[in-house]
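**Student:** sharing a model prediction with you, sequence too.
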2 protein chains.
Amino acid sequence: MPLKVRKNQSPDPPQPCMLTHCMAVISGAWAANVIWSLRAGPRRFNELRADIPPISAKVLSTRLSELEQRGVLSRNVQPTSPPSVEYMLTDLGGELVPALEAIVEVGHRLKMRDGG
Amino acid sequence: MPLKVRKNQSPDPPQPCMLTHCMAVISGAWAANVIWSLRAGPRRFNELRADIPPISAKVLSTRLSELEQRGVLSRNVQPTSPPSVEYMLTDLGGELVPALEAIVEVGHRLKMRDGG
DNA sequence: TAACCAGGTTTCCTTTTGGTAACTCGATAA
DNA sequence: TTATCGAGTTACCAAAAGGAAACCTGGTTA
């Protein structure tokens, strides 16, 4: 007879929806790094490029508008000349920081395990 | 004069390396969901497919071998007939669970914000 | 002896992604 | 009047990733 699919303690909805939803926010290339860079305060476009060396202007720009649109960060144009633009985490974005810290924690152990 | 790139409190190495490293583990399609499904105990291949309906056999299979190779989960063949295969989190994999819980937390608020 | 089971793998195709490099804009400095 | 700056955008391209569906294996059951 076919094996039974055992009940799992964790019902699929609603948790994994949230998981999927939030993973979508931090999954794009460099998205987590952008948030990480902003956790210590506001940064300008070119500062972020310097923080995250391999990122291209195109991808950074894409990522910033996605994150802004999702309410994770805010974009503030300073009326200087030339205008400079500062990005900073919103309250919501700030809530991602502990999650990323937990991820960094695990990063350490993964590193120890397969890289010395 | 050109704007200065301000020092950020967070040095780029070594933290974002860890972040990038660990994000790579949980970034593949459905990787986080697989870990989430396993957090309550071992599951078989077809159980995982049932837990995560839109996942294809190919992607699940790919994801499982990546996660095994990275030491996040273990694969145990039961000598039954036909043999059944159980996957479960390793200790290392278990350490990802709090990180995912933090992410789910934020998922809730993101949902409230842009979806009601 | 034909069909079914678990647990995959293979093939093929489409979509998504990210990278490079060149270009834009309005304002200011040389 | 030409170059420079910050902050992007655009066009183009290559690679990677994911989905669908068919196939495989060895043992079992109808």
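**Tutor:** Now that the structure is in, tell me what you want to look at. Just so you know, these numbers come straight off a predicted model, no measurement behind them.
**Student:** who in chain A is up against DNA strand D?
**Tutor:** Proximity of chain A to DNA strand D (C-beta under 7 Å from any atom of the strand) is limited to residues A:1, A:44-47, A:57-58, A:61, A:64-65, A:75, A:82-86. In this view, the C-beta of every residue, glycine as well, is placed from N, C-alpha and C.
**Student:** mind doing that once more with 10 Å?
**Tutor:** A:1-2, A:27, A:43-50, A:56-62, A:64-65, A:68, A:75-78, A:80-87 (C-beta under 10 Å from any atom of the strand).
**Student:** if we look at DNA strand C, which of those are close to it?
**Tutor:** Checking the residues of chain A next to DNA strand D against DNA strand C (C-beta under 10 Å from any atom of the strand), the matches are A:1-2, A:27, A:56-62, A:80-83.
**Student:** what are the phi and psi angles of A:Glu86?
**Tutor:** In terms of degrees, to the nearest 10, the main-chain angles of A:Glu86 are phi -110, psi 140.
**Student:** can you give me the separation between the nearest residue to it once chain neighbours are set aside and DNA strand D?
**Tutor:** Of all residues not flanking A:Glu86 in the chain, A:Pro42 sits nearest, at 4.3 Å (C-beta to C-beta, 6 or more residues apart in numbering or on different chains). Counting by C-beta to the nearest atom of the strand, to the nearest Å, the separation of A:Pro42 from DNA strand D is 10 Å.
**Student:** could you do A:Ser74 as well?
**Tutor:** To DNA strand D, A:Ser74 is 12 Å away according to C-beta to the nearest atom of the strand.
**Student:** which SS class is that residue?
**Tutor:** Of the three states, A:Ser74 takes strand under DSSP: H, G, I helix; E, B strand; the rest coil.
**Student:** is the helix of greatest length in chain A positioned near chain B?
**Tutor:** Ranked by residue count, the top helix of chain A under DSSP state H comes out as helix A:91-115. Yes - Helix A:91-115 reaches chain B (C-beta under 8 Å from any C-beta of the partner chain) through A:92, A:95-96, A:98-100, A:102-111, A:113-114.
**Student:** any of those buried? List them.
**Tutor:** Neighbour-count burial (16 or more other C-beta atoms under 10 Å in any protein chain shown) applied to the residues of helix A:91-115 next to chain B gives A:92, A:95-96, A:99-100, A:102-107, A:109-110.
**Student:** please go through these and note which also touch DNA strand C.
**Tutor:** Answer for these near DNA strand C: none qualify (C-beta under 10 Å from any atom of the strand).
**Student:** now do the nearest residue to A:Thr62 once chain neighbours are set aside, the pLDDT please.
**Tutor:** The shortest distance from A:Thr62 to any residue other than its chain neighbours is 7.6 Å, reached at A:Gly28 (C-beta to C-beta, 6+ apart). pLDDT, A:Gly28: 96.
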